[in-house]
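Peer 1: coords below, sequence missing:
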């Protein structure tokens, strides 16, 4: 009986270490920062909080690039860091869309409309932008309306897919272990 009590903690600790996977140290910060964004999006996040998370992600990416440049790891992480750079661009685009939505009531310009249309087209949701003819008396004009939520959700969905492609590498597995959805 005493032997069982002595072996039980040893047995449990060995099981825990075998199932626990370690994140590659040079990618840990950028991985956690990106997952923080995904976690916040899953439960709801405000525009200012989202901006803070995107800035933290950007900082972690810069630090990871510096670490890879000045103390190269045993393998090349450039491809993974480039994918994280793409993710950062997606999150910045979604922040821009969100900002345009907030500003729309007070500041609405043709430049905003053009840039918003470019972003929507980039993510395959150009149908979320509509041109509606309007008239006030004899004055005729075209008003752009946008479904900002659809554009943001499309960007975030593509970002999540891109991140899923990189998880195996971050955890140190070969690329072949990544299952595409």
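Peer 2: It's in. In this text the structure is predicted, and so the values were computed from the model without any measurement.

Peer 1: where exactly do the helices run in this protein?
Peer 2: Here the chain has its helices, by DSSP state H, at 2-19, 25-43, 47-70, 78-103, 110-122, 148-170.

Peer 1: I'd say residue 159 and residue 89 touch.
Peer 2: No. Counting by Cβ atoms under 8 Å, residue 159 stays clear of residue 89, with 9.4 Å between them. In this view, the C-beta of every residue, glycine as well, is placed from N, C-alpha and C.

Peer 1: which of the two has more residues huddled nearby?
Peer 2: Taking other Cβ atoms under 10 Å, residue 159 and residue 89 do not tie; residue 159 has more neighbours (23 against 13).

Peer 1: and the more buried one, how far is that from residue 147?
Peer 2: Going from residue 159 to residue 147 by Cβ to Cβ, to the nearest Å gives 18 Å.

Peer 1: could you do residue 96 as well?
Peer 2: 15 Å.

Peer 1: low-confidence regions, the protein specifically.
Peer 2: Within the chain, the segments meeting pLDDT under 70 span 1-21, 73-75, 105-106, 168-169, 171-181.

Peer 1: hang on, the earlier thing: residue 141: which of the helices of the chain is closest?
Peer 2: helix 110-122 (10.9 Å; Cβ to Cβ).

Peer 1: mind listing what's buried in stretch 97-117?
Peer 2: Of the residues in stretch 97-117, 97, 98, 100, 101, 104, 112, 113, 116, 117 count as buried by neighbour count, 16 or more other Cβ atoms under 10 Å.

Peer 1: same question but for stretch 31-38, I mixed them up
Peer 2: Buried positions in stretch 31-38, judged by neighbour count with 16+ other Cβ under 10 Å: 31, 33, 34, 36, 37.
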